[in-house]
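Colleague: give me the fold of what follows.
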Amino acid sequence: MTSSLVVLAAGVGSRYGVLKQLDPVGPGGAALMDYTMYDALRAGFEDVVLVIRRETEDAIRTHLERGAGRRAALRFVHQELDALPPGFAAPAGRVKPWGTAHAVLCAAARIEGPFVVANADDFYGREGLAALAAFLAAPAPAGPAPWAMVGFRLGDTLPAAGAVSRGLCRQDGEGWLVGIEEVLAIERADGAARWTDGHGVERREPLDSLVSMNLWGFTPDIAPLLERGFRAFLGR
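Modeller: The predicted structure is shown next:
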């Protein structure tokens, strides 16, 4: 069965100042998502679904047609603010896309087989994509669901100076992922990482802890679960 790479490229770059998805970082103007697409193709993925905003489609298409798009079958999906379940409407004045779960739901109707979800503006490396390709190709393991996430060592994702946002992975005794704690400002400090929680208490985390960089492996039956969660979010 065909396996797909879903690239989340609908961000607006409000803090970065430019379209971060296309910021050149390599030879010939290659962007981070070019590397992800190339590594995914080498790992055995057969097509690429890009979740984008309608107003950035021309720029993204033009970029990909000069690079990674020449090696992959590309499909484009628009993440629209009004693509909501019946009974819901986008708040007046909202511009920012709804987020990861909504982006995956927008792509789900175009996907029939297993797929990997990756951010357009993160670098993952070949190993993580190859690991997910092997996981999705293998018989489903015993457990809650046949899905997976690649975890990255916290210390490898922190800059030498300054704070960043990270998702700290919480696991049970058998290694199953049971939650992700979003930390909005975490930084290096004396051989560990530190941040301040919502109660104003300083907390520390070992640098070898795992964090999420939004590299997931799913099957199509994730869609109903995401829709239920998204409905609950909209109804809050």
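Colleague: contacts, neighbours, all on C-alpha from now
Modeller: OK.
Colleague: partners of the longest strand seen in the chain, with directions?
Modeller: Criterion DSSP state E: the longest strand present in the chain is strand 177-189. Strand 177-189 pairs in its sheet with strand 164-171 (antiparallel), strand 192-196 (antiparallel), by DSSP bridges.
Colleague: tell me where this protein has helices.
Modeller: 32-42, 57-65, 100-108, 126-137, 223-234 (DSSP state H).
Colleague: tell me the spacing between K96 and D82.
Modeller: 12 Å (C-alpha to C-alpha, to the nearest Å).
Colleague: related to what we said a few turns ago, nearest to L8 among the helices of the chain would be which one?
Modeller: With C-alpha to C-alpha as the measure, helix 100-108 is the member of the helices of the chain nearest L8 (6.9 Å).
Colleague: pull the CA atoms of the closest one into PDB?
Modeller: Output in PDB follows, covering the C-alpha atoms of helix 100-108 (Å, rounded to 0.1, in the frame of the first residue of the first chain):
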ATOM      1  CA  THR A 100      -1.700  20.300  13.600                       C
ATOM      2  CA  ALA A 101      -4.800  18.200  14.300                       C
ATOM      3  CA  HIS A 102      -6.800  20.300  11.900                       C
ATOM      4  CA  ALA A 103      -4.100  20.200   9.200                       C
ATOM      5  CA  VAL A 104      -4.000  16.400   9.400                       C
ATOM      6  CA  LEU A 105      -7.800  16.300   9.100                       C
ATOM      7  CA  CYS A 106      -7.600  18.500   6.000                       C
ATOM      8  CA  ALA A 107      -5.200  16.000   4.400                       C
ATOM      9  CA  ALA A 108      -6.900  12.800   5.700                       C
END
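Colleague: buried ones in it?
Modeller: 100, 102-108 (16 or more other C-alpha atoms under 10 Å).
Colleague: same question for stretch 217-235.
Modeller: Buried, per 16+ other C-alpha under 10 Å, within stretch 217-235: 217-219, 223, 226-227, 230.
Colleague: now it: average pLDDT?
Modeller: Summarised as a single mean, pLDDT over stretch 217-235 is 92.
Colleague: same check, this time on stretch 186-199
Modeller: Summarised as a single mean, pLDDT over stretch 186-199 is 94.
Colleague: span of it from start to end?
Modeller: End-to-end span of stretch 186-199 (C-alpha to C-alpha): 15 Å.
Colleague: could you do stretch 111-121 as well?
Modeller: So stretch 111-121: terminal residues 22 Å apart, C-alpha to C-alpha.
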